[in-house]
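Student: Mind folding the following:
(chains A and B)
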Amino acid sequence: MTDTSMQTPETGRQAVSLTAYDARTRKRAKAEKRFRAYGIVAIATGLFFLIVLFASILSEGIPAFTRTVVSVDFTLTQQEQEEAESTLFKTKAYSDLFIAALNKELDESGLQVDFDEAAIERLLGKVGGTIRTFYADNPDKLGEPIEFDLAASSRVDGYFKGRVSRDTIQDSRFLQKSDLDLVDALKEAGIIKQVFNWPFITGADSGVDNPGGAGIGASVVGSFFMMLVVLALSLPIGVAASIYLEEFAPQNKFTDLIEVNISNLAAVPSIVFGILGLAVFIQFMHLPQSAPLVGGLVLTLMTLPTIIISTRASLKAVPPSIRDAALGVGASKMQAVFHHVLPLAAPGILTGTIIGLAQALGETAPLLLIGMVGFVARGYPDGFLAGFTEPNSAMPAQIYTWAARADVGFYEKAWGGIIILLIFLLTMNIIAIILRRRFERRW
Amino acid sequence: MPILWLFLIVVAIALVGYVLGRSRALQSAGGDSRNLHSLPAFYGANVALKVIVPAFGLLVIWLLVQPIYVNSQVSGMIPDTAIKEGSSRGLVLAEVRRTATGLDNAVAQGALTEDVARNARADFTDMTQRLKDAGQVVTSNITQTVLRGAQSYRIMNSSGYRIMSIAVILVALAGAAISLVQTNADYRARNVVEQGIRVLLLAAASIAILTTIGIVLSLVFNTWEFFRLYPASDFFFGTTWAPSFSGRGGASDLGILPLLWGTLYISVVALLVAVPIGLFAAIYLSEYASPAVRAFAKPLLEVLAGIPTIVYGLFALLTVGPLLLGVFGDGGLGWMKAGTAVMTAGLVMGIMLIPFVSSLSDDIINAVPQAMRDGSYGLGATQSETIRQVVLPAALPGIVGAILLAASRAIGETMIVVLGAGAAARLSLNPFEAMTTVTAKIVSQLTGDADFASPEALVAFALGMTLFVVTLGLNVFALYIVRKYREQYE
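Tutor: Just a heads-up that it's a prediction; the model follows:
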């Protein structure tokens, strides 16, 4: 290098200070900042959607866990019962007695409000029949004071939860504006109140015109039996298939075919599995329709690829030295795999299985095709074995049925059902995370 | 539950066989296990395997074949004259099966004696009434053909199950006997057992192939049936979708084009939401974010992928739909008539696909070697210039693959469109109008009491076939692109 080349070249370019940005650098720096901001905006948008989703689930779903009841102290003497039974309109006699008791309680709290039998029927449904069957079933309760918790109609429930207001209500045979005065008076007297909605958690689906009585319990049981089938089939089959592919499979066309099939099945839309279930299990094999057994079989086929993929990953993570050591002390290949590799891979396999089960638990579309729609879940199965074959629904299908109904009262149930479904999913995922943290081994 | 009992009996035989096999082997070695070829447990396992595998194999095959055989026999008993106008053989068979279950239940309740239920000359008008009295659901008056069919259906089924039980137990006992006779000190039990287990493992792995075959056969079979009843050209090129609701008679228009258009439109909207957000999120997470931000934001974004689609469906129907209606509806811009629309479903589906695009792209961007970035920085490029001009081009095939996979997800998605997109099939350009998709129509054609033999129900299989072919094609194409254009970095 010569000294001349070290000199500043005599070009026409004007000298600039290194500490000041020129226009082009400023532009590039701005572009850099802009690009970075796009990334932040993208992540913020994603998280914003997540927050909106959870906010709407919680705000819409939590009201489903409370219900409005009218609780009235009521005493029926033997004589009153006999008199009521001797009249022509028996249930009317009972509801007259009930209205008298209600009036008495209102008077005691010093509130005056006019109401008639029709208003009570709009608020509470057929009270007389409920009371009559109660005393017919429990004759020993005659003469004792009993606190009746009678479920208020879904419109009244909606009034309490802000779904129905005085401005929006239209007089109908379900509820009239004047009834709300009565509701307010009852509320002031502490007769009408909101309690925790146990029937929602333990009950079964109700008719289309009774959103208040609908519960998710029966379909939780349906989901439970389905998950038993999925677990009992997909875990052994998935582990066996993974062991074969990872440890024993020779390099040939057939192995390639299996691998291609597994990766393709993982990407087949879930509804196609529903079509498969309908055609093979119901049309061809004549298994019972709407049965959790069939649902479990369909979901097993759907989750198998997921479980195989994660099981293979955890088998692969066991270092070859373990196998070599086992073979070195005289174990057969099969013994090396079953006695040493499989136990070491077990935590990973379990984690993958739980995540696969969680995915299956939330799946809806294939269940609709094999008839596990919500309105089938009318009650609990008669026993453990009947749980597999008796028609039932599953949680997501039940939620879908509620969402598709016309009555707005069911929407609240659907959101509440989603909260329960998400609680199950969250529990399963937390168990999976704990298992992974607790037993994960770094080699 | 006779099958459960059968199951338990076979397991019991296997357990006894295990103990006997083990002790027999030890006996033949004079009580010293060192004289045996294999460990004693292998001799027991050998017997147990030879009991369980053939017996359960026979059980499964019998359970598959018997209903098919019985159905074809009963179907042969029904003369063509007994099938009413507008009805079909399948419907009559379904009625036969219903009557047979009705008879079974009535006998179980004690409303009918076994003799009456079996007696072929039983008075059939009387029978309808007696079944109804016993609380059994019987649709109409039972005709003589149906009652005869139901009776022989019951007889064939019950005797079939009896023969099956005997055969399965015999096979189990034979397996135990043969393997016990084979057992002696020189028998290579370990090799036999391990070979057997290997075959079982292979069988488990082959279930993936069986599933694919099952999917293809059930689709092809029913689609073929559909095309016999409805011309294929009208299906593929028809521009109206109007199935008649009665299920028979009346002309249904079953053109797939409006459904394909709806599917495509919704998927495009979903990808327009998901791809920019997912891609930029992936770029930020892999290139800019500090480890703390990454550890916080990445799992949270992936929560979106773990949420069941029914939740998104409800979110579309009850939250996003009314929200959009407030802005674009009659109160606002006046473009939207109802909450369910292409925009609603597309937007929500886009949210669902964000983590799908972002985590796939994240992996791909991370796979681009650091040396390429360093080279670019060394030449004076800023970080964003490096990403745009070096990292993204290198990752492009993978990103295109990820987008194609997301597209295949969008096309196959069901619950969001069932709840969020509406039910009307139309060819329209307005994204605020309700449209419907292939998946939504599969659900609506196959739920309810449709007769499987009608074109209105069978069309769902043709739709499913289309869906399967399209998504499979997209997946294969995505893999092909990734394989073909992937740069191999060492």
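Student: any weak-confidence spans in the chain?
Tutor: In the absence of a named chain, chain A is used. Applying pLDDT under 70 to chain A flags the ranges A:1-16, A:111-112, A:114, A:169-174.
Student: think we crossed wires, I meant chain B
Tutor: Low-confidence segments of chain B (pLDDT under 70): B:1, B:82-91, B:110-142, B:245-251, B:448-452, B:487-490.
Student: A:Leu150 sits in which helix or strand?
Tutor: For A:Leu150, the element it lies in under DSSP states H and E is strand A:145-151.
Student: now for that strand, which elements pack on it?
Tutor: strand A:66-75, helix A:127-137 (3 or more CB pairs under 8 Å, 6 or more residues apart in numbering or on different chains; DSSP states H and E). C-betas here are computed from N, CA, C, even on glycine.
Student: now check stretch A:40-51, is it near chain B?
Tutor: Yes. Part of stretch A:40-51 sits close enough to chain B to count as contact by CB under 8 Å from any CB of the partner chain, namely A:Ile40, A:Val41, A:Ala42, A:Ile43, A:Thr45, A:Gly46, A:Leu47, A:Phe49, A:Leu50.
Student: wait, stretch A:401-418
Tutor: Yes. Figure legend: stretch A:401-418 in contact with chain B (CB under 8 Å from any CB); contacting residues A:Ala403, A:Ala404, A:Tyr411, A:Ala414, A:Trp415, A:Ile418.
Student: re the thing from before, I'd like to know which of the helices and strands packed on strand A:145-151 is closest to B:Ala395.
Tutor: Across the helices and strands packed on strand A:145-151, the minimum distance to B:Ala395, taken as CB to CB, is reached by strand A:66-75, at 51.2 Å.
Student: Can you list the strands that the strand holding A:Leu150 pairs with?
Tutor: For strand A:145-151, sheet partners with direction are given as strand A:66-75 (antiparallel), following DSSP bridges.
Student: tell me the angle the partner strand makes with helix A:127-137.
Tutor: Taking axes from the mean of the first three to the mean of the last three CA atoms, to 10 degrees, strand A:66-75 and helix A:127-137 form an angle of 60 degrees between their directions.
Student: distance between strand A:66-75 and the chain's centre?
Tutor: Relative to its parent chain, strand A:66-75 has a centroid offset of 29 Å by CA atoms, centre = their mean, to the nearest Å.
Student: Now it: buried residues?
Tutor: When burial is assessed from 16 or more other CB atoms under 10 Å in any protein chain shown, strand A:66-75 yields the following buried residues: A:Thr66, A:Arg67, A:Thr68, A:Val69, A:Val70, A:Val72, A:Phe74.
Student: Could you break the chain into its assigned domains?
Tutor: Picking chain A for this. Under the assignment named as automatic domain parsing, the residue ranges that make up the domains of chain A are A:66-196, A:217-439.
Student: that's the other chain; I wanted chain B
Tutor: According to automatic domain parsing, the domains of chain B span B:2-187, B:253-485.
Student: Among the ones you listed, which comes closest to A:Gly356?
Tutor: Among the domains of chain B, domain B:253-485 comes nearest to A:Gly356, with 12.0 Å by CB to CB.
Student: quick one: which helix or strand includes the residue nearest the centre of chain B?
Tutor: The residue lying closest to the centre of chain B (CA atoms, centre = their mean) is B:Ile215, at 8.0 Å. Counting by DSSP H and E, the secondary-structure element that holds B:Ile215 is helix B:189-229.
Student: and after that helix, which helix or strand comes next?
Tutor: Next in line after helix B:189-229, if elements are assigned by DSSP H and E, sits helix B:232-237.
Student: and the residues of stretch A:40-51 next to chain B, which of them are in strands?
Tutor: Among the residues of stretch A:40-51 next to chain B, no residue falls in strands (DSSP state E).
Student: returning to that earlier point: now find how far off-centre the helix holding B:Ile215 is within its chain.
Tutor: 14 Å.
Student: In terms of secondary structure, what does it contact?
Tutor: Secondary structure elements in contact with helix B:189-229, counted by 3+ CB pairs under 8 Å, 6+ apart, are helix A:217-243, helix A:253-265, helix A:270-276, helix A:292-317, helix A:333-336, helix B:40-77, helix B:455-485.
Student: Next, the angle helix A:253-265 makes with that helix.
Tutor: Orientation check (the same axes, to 10 degrees): helix B:189-229 against helix A:253-265 gives 50 degrees.
Student: Could you report the neighbour count for B:Ala12?
Tutor: Around B:Ala12 sit 12 other residues, with neighbours defined as other CB atoms under 10 Å in any protein chain shown.
Student: re the thing from before, right, so the domains of chain A: which one is the most enclosed?
Tutor: Mean neighbour count (mean count of other CB atoms under 10 Å in any protein chain shown) peaks for domain A:217-439 among the domains of chain A, with a mean of 20.
Student: Now do the helices in the stretch 351-490 of chain B.
Tutor: Counting by DSSP state H, counting those that start in this stretch, the stretch 351-490 of chain B has these helices, from start to end: B:370-378, B:383-386, B:392-412, B:415-420, B:438-446, B:455-485.
Student: So is stretch B:49-57 next to chain A?
Tutor: No. Contact between stretch B:49-57 and chain A is absent, the nearest approach being 12.8 Å (criterion: CB under 8 Å from any CB).
Student: Tell me who's in contact with residue 223.
Tutor: Let's take chain A. By CB atoms under 8 Å, 6 or more residues apart in numbering or on different chains, the contact set of A:Ser223 is A:Pro292, A:Leu361, A:Ala394, A:Met395, A:Phe424.
Student: try again with chain B
Tutor: Listed by CB under 8 Å, 6+ apart, the contact set of B:Thr223 reads B:Leu458, B:Phe461, B:Ala462, B:Met465.
Student: Which one of the residues you listed is nearest to chain A?
Tutor: Using CB to the nearest CB, B:Phe461 is the member of these that sits closest to chain A, with 6.5 Å.
Student: which one of the residues of stretch A:401-418 next to chain B is nearest B:Leu259?
Tutor: Here the nearest of those to B:Leu259, counting by CB to CB, is A:Ala404; it sits at 19.5 Å.
Student: Pretty sure the closest one sits against B:Gly420.
Tutor: No. Counting by CB atoms under 8 Å, A:Ala404 does not reach B:Gly420; the two are 11.9 Å apart.
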